[in-house]
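Chemist: Structure, please.
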Amino acid sequence: MTPGETPRTFHGAQAPHNTRAALVNYDADVPEWGIGEIDAAGRWIPQDLPGLLVVAPHPDDEVLGAAALIAAGLRSGSPVRVLAATDGTGSHPPSSIPADQLAEIRTAESEAALEELRGLTPGPRGPGSLQRIRLHLPDGELAAHREPLAEAIGAALQDMPGGTLLAAPLSRDGHPDHDTCGEVAVAAAAQRNAALVQYPVWLWLHSTPSDSTSEPGRPPEVPWTAARSIPIDPELAQVRGRAVAAFASQLGTEHGTPVDRNPGEPVLTPSMLDTVLRDQQIVFPGAPLDFEGLHARGSDPWGVTTRWYEQRKYGLTMAVLPRARYSRAFEPGCSIGGVTELLAQRCDEVLATDISGSALHVAAQRVVAENVTFRHASIEDWPAGRLDLIMISELAYYLSDSQWAAVLARASQTLESGGHLVSVHWRHPDAQAFRSAQQIRADLRAVPGWAVQGSYEDLDMLIDVLGPAGPSVAQTEFLH
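Modeler: So this is what the prediction gives:
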């Protein structure tokens, strides 16, 4: 499937492809999104959300697909903006109601729905703000208006605080306008290195989590393993219900039979709402940072050479290594070689890889040791042969579930007896991360046959040394 194409779609005249019961069972196994936590009142609130920008193809999508995200922004005390791409004039034929009249009706409905969300009890940082911006793009024709949509998203991101989270429909949601918004948002997030999360609306009615690849050898149309959940607390459930009720034009046939619906059938059918409005809001955190773009724009995007935090972290990392010397080390995601430079002093051979050619160019100039080999490669390009040191630093949270599972398996298979895997990760929440440092620690400690050989933690980082069980440093050296 290429950009611009869409998967099978759902129309109101059809029965949903999924049952609510099946989706509730699916929801139960989806991990909670790690950038937030549930407070004493049962509300899911992000730890750090500078701002939220929601792209809504039509009036009502921001509530059906992103109510929990908007609530999270408001409860975080953050500025929230909704970009209304169209006015939703394609829901009813012009013969039933003039387009300009329908546009004003649907705009008023959306404003009323958002006013309900504004009434949510504020979080500990006070109430956030919520603004809706109309782009007036033609309903049903967003695929032909990608450029103005991209410009509007870019301008809004530039006008909002740094670190603003961009939310848009899933790129395979099943409606051409939704898919276009998702694709344009993915490009905008990559261009500006913005955190991205995608939300589904129609997905639940035409696809099932058991779907795999559409053709042998092709990736899944929907990244099911990347899904994360946001719990809907009782207050939000009530407010969301009132917000949905504000879309009277989509819930009834007062303005005639909607497009693609049977006579007497509304756009938002009871079966559709029952399927979509569940006790968990499922979202898909987007692709991670554009590492190549980051390194191409600056030789040291992480402040490796200037921040005491980074220098201290490297010192702590090298200090926890149980052995003075290693034979063969592997460091995927080496960036500009901050750790590589230190590994070269402790290892006979170091293989350092990264997906960014720009980063490797800087690393090769920085580290000229003969025992270091730099290679342009992804995490899937695991080296052949045995290893006695594997360095996973600031990387595991950017790997998809399948990539991370593969890393754990390959590391377990290739790490020698007496060897060590070192994990170093930032503890603070990151909207572009698939998992937290705490989850990474738990996953590594669950590897069969491995034991914790050492660890360090503070408010900012977790460092763990793991590997096959063996003697301590003192037992190895003098306590025989």
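
Chemist: all strands of the stretch 101-250 of the chain, in order?
Modeler: 129-137, 165-169, 195-199, 228-231 (DSSP state E, counting those that start in this stretch).

Chemist: Just tell me which of the ones you listed ends up closest to Leu351.
Modeler: The minimum distance between Leu351 and those falls on strand 195-199, with 30.9 Å, by Cβ to Cβ. For the C-beta atoms, the positions are set from N, CA and C on the backbone; glycine is no exception.

Chemist: residues contacting Ser229?
Modeler: Residues counted as contacts of Ser229 (Cβ atoms under 8 Å, 6 or more residues apart in numbering) are Asp27, Val30, Pro31, Glu32, Trp33, Gln280, Gln281, Ile282, Val283.

Chemist: any idea how far Cys347 is from it?
Modeler: 41 Å (Cβ to Cβ, to the nearest Å).

Chemist: Look up phi and psi at Gly418.
Modeler: The phi and psi values for Gly418, taken as degrees, to the nearest 10, are phi 90, psi 0.

Chemist: How much space separates it from Ala409?
Modeler: 20 Å.

Chemist: Same check on Gly419?
Modeler: From Gly419 to Ala409 the distance is 16 Å (Cβ to Cβ).

Chemist: Also Glu147?
Modeler: Distance from Glu147 to Ala409, by Cβ to Cβ: 44 Å.

Chemist: Which one's more surrounded, the two?
Modeler: The neighbour count for Glu147 versus Ala409, taken as other Cβ atoms under 10 Å, is higher for Ala409 (12 against 9).

Chemist: neighbours of Tyr456, just the number please.
Modeler: So Tyr456, with other Cβ under 10 Å, has 15 neighbours.

Chemist: Met318 is in contact with that one, correct?
Modeler: No: in this structure, Tyr456 is not within contact of Met318 by Cβ atoms under 8 Å, at 11.6 Å.

Chemist: Per the annotation, how does the protein divide into domains?
Modeler: Domain ranges of the chain: 20-287, 292-477, per automatic domain parsing.

Chemist: Check the offset of the last one from the chain's centre.
Modeler: Pointing back at domain 292-477 there. Put simply, domain 292-477 sits 22 Å off its chain's centre (Cα atoms, centre = their mean, to the nearest Å).

Chemist: and what of the first one?
Modeler: In this view, domain 20-287 has its centroid 15 Å away from the chain centroid, taken as Cα atoms, centre = their mean.

Chemist: returning to what we had before: among the contacts of Ser229, which ones are in helices?
Modeler: Asp27 (DSSP state H).

Chemist: Selecting buried members of the contacts of Ser229 in ChimeraX, what would you type?
Modeler: Buried residues within the contacts of Ser229, by 16 or more other Cβ atoms under 10 Å, are selected in ChimeraX with:
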select :27,30,33,280,281,282,283
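
Chemist: now the contacts of Ser229 in a markdown table, with pLDDT and distance to Ile392?
Modeler: A markdown table is the format used below for these (pLDDT from 0 to 100; distance: Cβ to Cβ, whole Å):
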| residue | pLDDT | distance to Ile392 |
| --- | --- | --- |
| Asp27 | 91 | 30 |
| Val30 | 88 | 25 |
| Pro31 | 83 | 20 |
| Glu32 | 86 | 23 |
| Trp33 | 84 | 22 |
| Gln280 | 95 | 30 |
| Gln281 | 96 | 31 |
| Ile282 | 95 | 28 |
| Val283 | 94 | 26 |
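
Chemist: with the contacts of Ser229 in mind, which one is nearest to Asp159?
Modeler: Val283 (23.6 Å).

Chemist: I'd guessed that closest one sits against Ile230; true?
Modeler: Yes: applying Cβ under 8 Å as the test, Val283 and Ile230 come out as touching, 6.4 Å apart.

Chemist: what residue ranges in the protein are flagged as low confidence?
Modeler: Confidence mapping of the chain against pLDDT under 70 gives the ranges 1-16, 210-220, 287-297, 402.

Chemist: In it, where's the longest helix?
Modeler: helix 99-118.

Chemist: what packs against that one?
Modeler: Secondary-structure packing of helix 99-118 (3 or more Cβ pairs under 8 Å, 6 or more residues apart in numbering; DSSP states H and E): helix 61-64, helix 67-75, strand 79-86, strand 129-137, helix 234-245, helix 248-251.

Chemist: Spatially central residue for this protein, please.
Modeler: Centroid-nearest residue in the chain, with Cα atoms, centre = their mean: Pro285, separated by 1.7 Å.

Chemist: Thought Ile230 was touching it, still the case?
Modeler: No: using Cβ under 8 Å, Pro285 is not in contact with Ile230; the gap is 11.1 Å.

Chemist: where do the contact lists of those two overlap?
Modeler: Shared contacts of Pro285 and Ile230, counting by Cβ under 8 Å, 6+ apart, come down to Trp33.

Chemist: quick one: which of the contacts of Ser229 sit in strands?
Modeler: Judged by DSSP state E, the contacts of Ser229 include Gln280, Gln281, Ile282, Val283 as members of strands.

Chemist: which residues does the last one bridge with?
Modeler: In this case it means Val283. Beta bridges link Val283 to Arg228 when assigned by DSSP bridges.

Chemist: how about the strands of the stretch 301-450 of the chain, start to end?
Modeler: Using DSSP E, counting those that start in this stretch, strands in the stretch 301-450 of the chain cover 326-332, 347-354, 372-376, 387-393, 415-426, 450-457.

Chemist: send the alpha carbons of the third one over as PDB?
Modeler: Once non-C-alpha atoms are left out, strand 372-376 reads as follows in PDB (Å, rounded to 0.1, in the frame of the first residue of the first chain):
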ATOM      1  CA  VAL A 372      37.300   0.600  16.700                       C
ATOM      2  CA  THR A 373      35.200  -0.100  13.700                       C
ATOM      3  CA  PHE A 374      32.300   2.200  12.800                       C
ATOM      4  CA  ARG A 375      29.500   0.800  10.600                       C
ATOM      5  CA  HIS A 376      26.300   2.300   9.100                       C
END
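
Chemist: Each with direction, which strands does that strand pair with?
Modeler: strand 347-354 (parallel).

Chemist: could you dump the strands of the stretch 301-450 of the chain to TSV with distance to Glu235?
Modeler: Below are the strands of the stretch 301-450 of the chain laid out as TSV (distance: least, Cβ to Cβ, whole Å):
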stretch	distance to Glu235
strand 326-332	44
strand 347-354	45
strand 372-376	50
strand 387-393	40
strand 415-426	32
strand 450-457	35
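
Chemist: and Val473, what is it in contact with?
Modeler: Per Cβ under 8 Å, 6+ apart, neighbours of Val473: Pro322, Arg323.
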